[in-house]
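> quick one, fold the following:
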Amino acid sequence: MDALISGRAGLALLIDGDKMMSFKVGDTDTLVPRDPSDLNYLLGHAEDVQVLEDASQEEVARELELAHKSVCALDLALMAIDSELSMKSWSKDRQILH
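Numbers count the residues shown, from 1 in each chain. All right, here's what the predicted structure looks like:
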């Protein structure tokens, strides 16, 4: 099967023939049936979409987890070097991303 993943959206879209299903990072066992018209709603604003070809669901789940962790790490690094970010905001945002 093929897949589209976005670490920023925390979502994988599995494409197997004419069937489409999605799952979220951390909940790979819950497959949600999708229609082609859902694509823009799910990933329309994601700028980090990756295409995986001939991948198993387990491979897609691993790649999604890696992409999601990478995005979170980048966000934390950018917050850490932002001199205008207050310590209160930093602590709150770090908890949300963690």
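
> I'd assumed Asp75 was in a strand, is it?
No - read with DSSP: H, G, I helix; E, B strand; the rest coil, Asp75 is helix and lies in no strand.

> what about it, how many neighbours?
15 (other CB atoms under 10 Å). (Glycine included, C-beta is placed from N, CA and C.)

> quick one: it from Gly44, how far?
21 Å (CB to CB, to the nearest Å).

> again, but for Asp27
From Asp27 to Gly44 the distance is 21 Å (CB to CB).

> ditto for Ala77
26 Å.

> can you pull out the strands in the protein?
Shown for the chain, the strands assigned by DSSP state E span residues 2-6, 11-16, 19-24, 27-34, 50-52.

> quick check: buried residues in the fourth one?
Right, strand 27-34. Within strand 27-34, the residues scored as buried using 16 or more other CB atoms under 10 Å are 28, 34.

> then the second one?
Applying a neighbour-count criterion of 16+ other CB under 10 Å, one finds 11-15 buried in strand 11-16.

> for this structure, give me the ranges with low pLDDT.
82-98 (pLDDT under 70).

> rerun at 90
Applying pLDDT under 90 to the chain flags the ranges 36, 39-46, 71-98.

> from what I see, Ala9 and Leu39 are in contact.
No - with contact defined as CB atoms under 8 Å, Ala9 does not count as touching Leu39 (11.7 Å).

> between these two, which one's more packed in?
Ala9 (24 against 15).

> now the more buried one. Nearest residue, chain neighbours left out?
Among residues not flanking Ala9 along the chain, Ala46 sits closest, at 4.7 Å (CB to CB, 6 or more residues apart in numbering).
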